[in-house]
Each structure stands twice: as structure tokens, then as C-alpha cells.
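Trainee: I would like to see how this sequence folds:
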Amino acid sequence: MNIPFSEKEIANIRRLPGMYGLDYPAFDHPATHKENYLANLEGHGYWVPTSNDVFWFCPTVFPDNQAKGNVHEVLKVPKDQMGGKDMFGIEWEYGADIGGSTVRPGNPALEDANEWHEKIVWPDLDSWDWQNCADRNRETLASSGLAVELVICTGWFERLVSFMDFAQAAVAMVDKNQKNAVKELFEKLTDLYIRILDKFLEYFPGLIHAVTMHDDWGGQASTFFGDKTVEEMLVAPQKRMAGYIKSKGLYAGFHCCGKIDRLLPYVEKIGYQKLEAQPLVDKDAFYQDYGKRIMLTVTADPLPENATDDDCRKAAREFVDKYFGDGKRCLFETYYSPVPYEFLKELYIYSRKKSNTF
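Mentor: Residues are numbered from 1 along each chain as shown. Here you go, the predicted model:
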């Protein structure tokens, strides 16, 4: 469907507070934020969506969200109450300076991956307070006009790290005496994540549009492991999870930190339709190879401190020309590189006009 740009869309621009304390412009859109976001996932969006167009659903009913300092729902949790035990009883410590939580190393739940059968206590999902979570959030999700994206944190390797500490977890991924136990653990984790998704779909029918799975594969310099390890250990369980998400009529996204360029073929092989990566990933190379098949979360190149409104508008147009149109799509992320209001305004206006060429 093609919706031609109309000047009426920008006749009554409002300035609203957005995520992370940054103002953003609100327009008289020809479609809802949800409709545009989902259209972009299909490769034919009406304008470049931003972080303000998505409701990242991270409720406290899922213990990992508060443990990891990642709560986003109607219930507001003060920062000094973040951290604590995740759904496996692992203790996380929240650090306001990093905006998230980590497990304090030195006292791992597992010394050897083979111990997980005896030592890991699996959560009882039926004991979670699903009804209260649904009662307080349902109306907000239904009326927001935003795409609702459920976030399932601490995927496979991340979960192994939380059980074993990083060094031991990395060894377990390649140790011939532990690999089979890790594979079995990852399959059981996938079963658990599927059951968690089913619970959300039961209590929020028709209100969830996408699911993002978390699993960090790299650091600032490079990946934590090589191609063969990803192929052998991570592709199968994540492919099963992504396939299940899509079988429910939802979009499957992946949040992965680090310089993971060399592992991008596996993101596509698994079947993820969207990638939330850090600016460390070469976005220009990504768009050359994957731009028409995977929607990337993208940040803008830094603007000079003395940038004028004209500079902001020019930069926005250059951004749109690179990452939007002709089947290419992106989610513009303001967290890593906040941009001026004039940039966001031109981002919408120019991409709306350009969408007529789809």
C-alpha cells in the first residue's frame, strides 16, 4: 500500500517528551506508529521509525527484567530497587553508571556445565502473577498506538555466563567434555523461553507484535567465539526460538552487543528479521549485504556541537538516503547518539516524501 505524502501531516507539529529525556516531533501521521513499524519490518515503511514508535515491553512479572535493570511497563520501579534475583535465583547487582546489572563473579552456580541437571532450579511460571500484570498493562498496550515488542533477556550464552562466570562459560562452549551438556542446557532454555512467550500471548492476546531475544556474542574489539562455535552451539536453539515466534504471527528480533560483524551471516541463518546492535557494527557494510532482508537498529553519525538547523536537516536527509527506501529499512535509535530536534523533524518529513517511491 502506498500513502502519498500530504502537507497536512506537518501542518500541526507538536513537540513532545520522548525516550531518554529527548524531545521529539509528533505529526499527523497517515498510519499509526505500529502500522509503520510493522510495514518497515516488511520492507515498505511509510517513514523511518524511531525508538519512540515502539513500546519495549519488559514487565516485572518476568523476574529477569528487574534483576537486569530493564523494566518498562505501567508499574514504575525506582532505580535503587533494580537488581536482585532472576528467575533462576541468580543474584544481579544494578549499576546506575552502566544503566544495567551484572552477576558478581567469583561464586558461580556451576563449576562445570555438566552440573546443571542437578544444580539449576527451573522457574515455576504458573506461580508468577500474570493476571495482575495483564490487568495493569493491557489498556496501555492496546491504546498506545505503538508496536509492542516483548523483550526476553539473558538468552543462551548470556545465561550460561550468569551460571558459570564469563571465562568458565567461554571454555564450556568449546570443551569437548562440557559441550554436550551446554547443548542440552540451551535446548531446555529454548523450551522455557517458548513457554514464557506462550504465557504472554495467553494474557495479552493480540497485543504483542514482535519479540526480541537477547544474547551478546561480542565485546568492543571482536566476538567472544568463532564461526564454528556459533554454528555448533547457538544456531539450532535460536533458530527454533525464532521459528516459533514467527509461527505465532510475530516478528523475531535479536539484541546482540559487541563487534559482531563476522557473525552476521548467522543472524540471518537463524531467521531473525531485526537486529539491535551497537554502533560498533559497520552499518554501511551491513546495509550493502543485509539491508533488504534484516532491519537494523541504526544511530546517526555524530553532529558537531555547533551544528546549525540546516546542518541537522542535511544530515537527516543523508541518513534517509543511505538507510531507507528501495526495500531497505531501519529503526532509528536515539539512545547511543542523541540528535537535535531539527534532525528528527527532517527525518520524518524527508522519509515520508521518499516513501512515495516505494
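
Trainee: what does stretch 15-32 contact?
Mentor: Contact partners of stretch 15-32, identified using CB atoms under 8 Å, 6 or more residues apart in numbering, comprise 3, 6, 8-14, 36, 39, 46-47, 50-52, 145-146, 334-335, 338, 341, 344-345, 348. Quick note: C-beta positions are derived from backbone N, CA and C, even for glycine.

Trainee: Please spell out which residues along that stretch are buried.
Mentor: 18, 22, 24-25, 27, 29-31 (16 or more other CB atoms under 10 Å).

Trainee: follow-up on the earlier one: which of the contacts of stretch 15-32 are buried?
Mentor: So, by 16+ other CB under 10 Å, the buried ones in the contacts of stretch 15-32 are 3, 9, 36, 39, 46-47, 50-52, 146, 334, 338, 344-345, 348.

Trainee: Check these and tell me the two furthest apart.
Mentor: Using CB to CB, these span at most 29.2 Å, a distance reached by Ile3 and Pro338.

Trainee: what pairs with the helix or strand where Thr212 lies, and is each one parallel or antiparallel?
Mentor: Thr212 is part of strand 210-214 when elements are defined by DSSP states H and E. Using DSSP bridges, strand 210-214 pairs in its sheet with strand 147-152 (parallel), strand 251-256 (parallel).

Trainee: What mean pLDDT does that strand get?
Mentor: Across strand 210-214, pLDDT averages out at 97.

Trainee: and the helix or strand hosting Glu318, average pLDDT?
Mentor: According to DSSP H and E, Glu318 maps onto helix 309-323. Throughout helix 309-323, pLDDT has a mean value of 96.

Trainee: What's the separation between Pro4 and Lys353?
Mentor: 9 Å (CB to CB, to the nearest Å).

Trainee: out of these two, which sits in the busier spot?
Mentor: Lys353 (14 against 9; other CB atoms under 10 Å).

Trainee: thinking again about what came up before, would you mind pulling the contact partners of the strand holding Thr212?
Mentor: 41, 56, 147-155, 158, 193, 197, 238, 241-242, 245, 250-256, 272, 274, 276.

Trainee: Which neighbouring elements make contact with the strand or helix carrying Thr297?
Mentor: Counting by DSSP H and E, the element that carries Thr297 is strand 295-298. Packed against strand 295-298 by the contact rule (3 or more CB pairs under 8 Å, 6 or more residues apart in numbering; DSSP states H and E) you find strand 274-277, helix 283-290, helix 309-323, strand 330-332.

Trainee: most packed of these?
Mentor: Comparing the helices and strands packed on strand 295-298 by mean neighbour count (mean count of other CB atoms under 10 Å), strand 330-332 comes out on top with a mean of 26.

Trainee: what sits up against it?
Mentor: Residues from elsewhere that reach strand 330-332 (CB under 8 Å, 6+ apart): 37, 40, 48-51, 53-54, 274, 276, 295-300, 319, 323-324, 347.

Trainee: My read is that Arg136 contacts Leu75, right?
Mentor: Yes - contact criterion CB atoms under 8 Å: Arg136 and Leu75 qualify, at 6.3 Å.
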